[in-house]
Structures are given as structure tokens and as C-alpha cells.
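**Student:** build me a structure from this.
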Amino acid sequence: SARPDPPAGDRVMIKLSVALSAALLMVSLPIFLVFGIGSTLVAREALNLPWTQLVQTSVGAVSKHLLLAVPLFIFAGYVMVAGGMAARLVNLCIALVGHWPGGLGIAMVLAMGFFAAFCGSVLAAITAIGTILMPRMIENGYPAPFVVVLAAMAALIEGLIPPSNAAIIYSALTSVPVAQTFAAGILPGIVLALMLMGFVAIRCRALPRSPRATPAERLTATRAALPALVTPVIILGGIYGGFFTAAESAAVAGVWAIFAGFVLYRELTFGALVRALVAATLATAVIFVIIAMATLLSVILTFTRTPQAMVDWFLSWSSSPLAFLLMIALACLVLGTFIEVVPIFYILIPMTLALLPVLGVDPLHYYIVLGAFIGLGMLTPPVCLGLYTAAAVVRLPPQRAFAQVPAFLALGLAYGLLMILVPSLATWLPSRL
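**Tutor:** This is a model prediction of the structure:
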């Protein structure tokens, strides 16, 4: 049954809470506190919801079995870095494409794509691949600001190629099977990688190239990287073969990474394993506390009938799927300059999910559009988390890299529009599974 509209006094409280949340965001309060304070005020003072319901909602949100895959994939990624997998992937990519125009830049894109297939964390990908490749690129004449923005942009491939934390969280929010969401990101991830490679080849064609690797060197690099190359086969093969759930495949990936680091490469130490565990714990805590607090917003949206109001408002204006996706793209671009992927998911998806069946928008297509445009927020100031992370790797003041952002942003916008206009890139592969 429909809930009644909040009384006038409660509507004033809701508006005050929204204003307070916006003010807290502007003064750079951590996003989980912005969600927690604003949502709790509305829930308690305007909607009179009991504390027990709020606590149960938050705990329930982070207790979903599917979300167990998030810390396990992050941990596996950190162990792969510490155990030497990332370094061997980079060496293989350089052996394959280092002699091309812009070869080291293309190798970075390729290595990010490979690493994305078993890492699950954008920032871990930037750190892992960037630490190895970015100083080498700068030594070979690539401008440091260009290298920083390229690393941040290339890391967006991780948000698409499975296993992706974004895909796991989207599936947890929408109940779309995670195997379908993973599959939806594969072709868009490949398209983004190809566009970036072409862009780098054109922009960097005048820079020095690495010597062409001999067939023997390529074979040696391939053998060395083989444990890393089979990791995606283990993860995705296990999921699509019906052997593992996403969480179980993440656990298997972690065990495989530990085995490869200790036994095959003999580079992993117990100290490094503990550091990987601590880093994964901290990264997980950041994600989960945001989920716990952002879920309170979903409760408020439900009680205030905001999703239905959104449906009514949009349909009074247009019934075009294209207009809806363009509006969402614009919202993602604006929100992405201030906040990160997870909170944006928890703001937009509960408000707009009810519109998808009405407009005939496939949830998998919607996921890719969200990912494409939210990901550009990793580049755009003031937050630009990916850019700041990449700049820290080579100790470059982030402001020096801002001049390189517009060209990459234009490429990202072109990519995003392609994803909007060609939904089959997101839906074709899942339909074949």
C-alpha cells in the first residue's frame, strides 16, 4: 500500500537534512559521515524510525554473502603485487608491444587490462602497475603529467573487466546475477582498452620506442607470467562453470596468489602477506562503512516514495530511454567530481531502478553506462581519486597533471556515448551464457 506523504513539518526537516548533508560534503567531511548524519536525522526526526531498524538495515546491507567477494578480491590483488605477478605481467606486456609507437603507454593499458581480470580494485591496479611502469615511462621521455592521467584513465578498465567491485556492489543492489554483471563488462572493457591504445599510439608516436623483443624473450616472459595469466581462467571459469560462487572464486584466487608467491615465484614473504592483509582490511573498511551508511539513504527514499516520484516526474517529461540515459550520464559526471563510485551507486540506483522496466532499459546496459560516466570522476577535480593516486606514485603535484585531463575526458565522453548508443556491447555476451 502507498505510504502517505510526510507532513509539512517533516518535509522541512528533510530539506534541512539535505542542506546539511550538502554543506558537510562541501567542507570535505568523509562521505560515510555525510550519509550517516543526514540520513539519520531524517529517519529519526521526520520519519520516526526506531534505532533498531536503522542498525538492522546497515548491518544487513554489509552482511550479504555476495559482498564477501569484495575483500577477498582486494586481498588477492595485493598478494599478487607482493608475490611478483604484477611485475611479470608488465614484463610480458612490454615484450609484446613495447616496440610499437607509444609502446610503454600501450603496455600500461594492456597490463591494467590483465591485472583488472583478477584484482577487483581500481586503486590497487594503479599502484601495482603504475609503480613498475610509470617511472620507466618518464625515464623514456613520456611527460609525467601525461603518464599520471593515462594511469588513472587506464585503471577505469578495472571497473569493467571482471571481477570488478563495482559489478559486485551493483548486483548486490539490484539482484542482477553477478555472473551476468561480470559478463556485461567484458566487451566494454575491451573497447575502452582499444580506444586508449589508439589514443596513446597517436599522441606518443614521436617518443622513443623500446627495442623489439626477440621470440625467445617473449617466450621467457610468457612462461614467467603464466601463473598470472591462468588466474582469470580460474576465477571466471569457476564462476561460469558452476563450480564457485563469486565469493568462493575470490577465495580461490587468494589461495592461488599465495601459492604462486611462496612456491612458484618465491618472492612473497610472511611480512608482505601480513601487509597485504592489513591493506585489504583498510580498503574493505572504507567501502563497507560507506555501504552501511548509504543504505540508510535507501530506507529514506523508500519511506518518502522518492523512486515512484522519480518515475512520475520523468514520465511527465519524456518516455525516451535515450533521454533517461543522457540525464543519468550528466548526473554521474556531476556527482563523480565530488564523490566516489560506491556512494553514487547508492544514491542513483535506488532512485532510478523502478524506471528501467518502464522505459525498457536493460539493467546490464544501465550498469555499463553508470560505470562509464562515474569512472570519469576518477579524473575530474576536485576529488579525482585515481589521478591523485597515480600522481602520488611518481611524487608529482596533482595540479600539474590537470592540463592533460581535458583530452582524456573527451575520449571518455566519446566512449560513454558509444556505450549509451550501442547497448548490445553490454548485453550480447550475457545473453550467450
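
**Student:** what about Thr40, how many neighbours?
**Tutor:** 17 (other CB atoms under 10 Å). To be clear about C-beta, it is placed using only N, CA and C from the backbone, and glycine gets the same treatment.

**Student:** what about it, distance to Phe303?
**Tutor:** Distance, Thr40 to Phe303, by CB to CB, to the nearest Å: 13 Å.

**Student:** before we move on, what about Trp51?
**Tutor:** 15 Å.

**Student:** higher neighbour count, these two?
**Tutor:** Higher neighbour count among Trp51 and Phe303: Phe303, with 16 against 10, using other CB under 10 Å.

**Student:** how many other residues sit next to the residue nearest to the more buried one when sequence neighbours are not counted?
**Tutor:** Among residues not flanking Phe303 along the chain, Leu47 sits closest, at 5.2 Å (CB to CB, 6 or more residues apart in numbering). Leu47 has 17 neighbouring residues, counting by other CB under 10 Å.

**Student:** so what's the backbone phi/psi at Leu47?
**Tutor:** phi -100, psi -10 (degrees, to the nearest 10).

**Student:** was I right about it contacting Ile300?
**Tutor:** Yes: between Leu47 and Ile300 there is a contact under CB atoms under 8 Å: 6.9 Å.

**Student:** where does pLDDT dip in the protein?
**Tutor:** 1-11, 13-14, 120 (pLDDT under 70).

**Student:** redo that, cut-off 50
**Tutor:** 1-4 (pLDDT under 50).

**Student:** give me the distance between the residue nearest to the spatial centre of it and Val299.
**Tutor:** Most central in the chain under CA atoms, centre = their mean is Gly159, positioned 3.5 Å from the mean C-alpha point. Gly159 sits 27 Å away from Val299, going by CB to CB.

**Student:** the lengthiest helix in the chain: what's the following helix or strand?
**Tutor:** Counting residues, the longest helix in the chain under DSSP state H turns out to be helix 270-303. Next helix or strand after helix 270-303 toward the C-terminus (DSSP states H and E): helix 306-317.

**Student:** show me what that following helix is packed up against.
**Tutor:** If contacts are counted by 3 or more CB pairs under 8 Å, 6 or more residues apart in numbering; DSSP states H and E, helix 306-317 sits against helix 321-336, helix 341-352, helix 355-359.

**Student:** now do the same contact list for the residue nearest to Leu326 when sequence neighbours are not counted.
**Tutor:** Spatially, and ignoring its direct neighbours in sequence, Leu326 is nearest to Ile420 (6.9 Å; CB to CB, 6+ apart). The contact partners of Ile420, by CB atoms under 8 Å, 6 or more residues apart in numbering, come to 322, 325-326, 329, 369.

**Student:** just the buried subset of those, please.
**Tutor:** With burial judged by 16 or more other CB atoms under 10 Å, the buried subset of the contacts of Ile420 is 325, 329, 369.

**Student:** ok, of these, which one's closest to Phe73?
**Tutor:** Val369 (23.2 Å; CB to CB).

**Student:** hmm, back to that, now tabulate the helices and strands packed on helix 306-317 in a markdown table and tack on distance to Ala280.
**Tutor:** Shown next, in a markdown table, are those (distance: least, CB to CB, whole Å):
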| stretch | distance to Ala280 |
| --- | --- |
| helix 321-336 | 25 |
| helix 341-352 | 16 |
| helix 355-359 | 33 |
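
**Student:** figure out which of the ones you listed is closest to Gly377.
**Tutor:** helix 321-336 (2.2 Å).

**Student:** pretty sure Ala391 contacts Val148?
**Tutor:** Yes: using CB under 8 Å, Ala391 makes contact with Val148 at a distance of 4.9 Å.

**Student:** figure out the length between the terminal residues of stretch 207-214.
**Tutor:** 21 Å (CA to CA, to the nearest Å).

**Student:** list the buried residues of it.
**Tutor:** 207, 210, 213.

**Student:** what of stretch 25-39?
**Tutor:** 25, 31-32, 34-39.

**Student:** for stretch 353-367, same thing?
**Tutor:** For stretch 353-367, by 16+ other CB under 10 Å, it's 353, 355-356, 359, 361-367.

**Student:** and those, which is closest to Ile258?
**Tutor:** The closest of the buried residues of stretch 353-367, once distances to Ile258 are taken by CB to CB, is Tyr367, at 31.3 Å.

**Student:** how about that closest one, what does it touch?
**Tutor:** 167, 170, 174, 176, 181, 184-185, 426.

**Student:** can I get those residues in JSON lines including secondary structure?
**Tutor:** Below are the contacts of Tyr367 laid out as JSON lines (DSSP: H, G, I helix; E, B strand; the rest coil):
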{"residue": "Ala167", "secondary structure": "helix"}
{"residue": "Tyr170", "secondary structure": "helix"}
{"residue": "Thr174", "secondary structure": "helix"}
{"residue": "Val176", "secondary structure": "coil"}
{"residue": "Thr181", "secondary structure": "helix"}
{"residue": "Ala184", "secondary structure": "helix"}
{"residue": "Gly185", "secondary structure": "coil"}
{"residue": "Ala426", "secondary structure": "helix"}
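
**Student:** not counting sequence-adjacent ones, nearest residue to Gly238?
**Tutor:** Here the residue nearest Gly238, using CB to CB, 6+ apart, is Phe244, at 3.8 Å.

**Student:** repeat for Val178
**Tutor:** Ser171 (4.1 Å).

**Student:** look up how far Pro145 lies from the one you found.
**Tutor:** 36 Å.

**Student:** verify the stated contact: the residue nearest to Gly238 with Gly237.
**Tutor:** No: between Phe244 and Gly237 there is no contact under CB under 8 Å: 9.0 Å.

**Student:** out of the two, which sits in the busier spot?
**Tutor:** Neighbour tally, Phe244 and Gly237, criterion other CB under 10 Å: the higher count belongs to Phe244, 20 against 13.

**Student:** which secondary structure element is home to that one?
**Tutor:** Using DSSP H and E, Phe244 falls outside every helix and strand.
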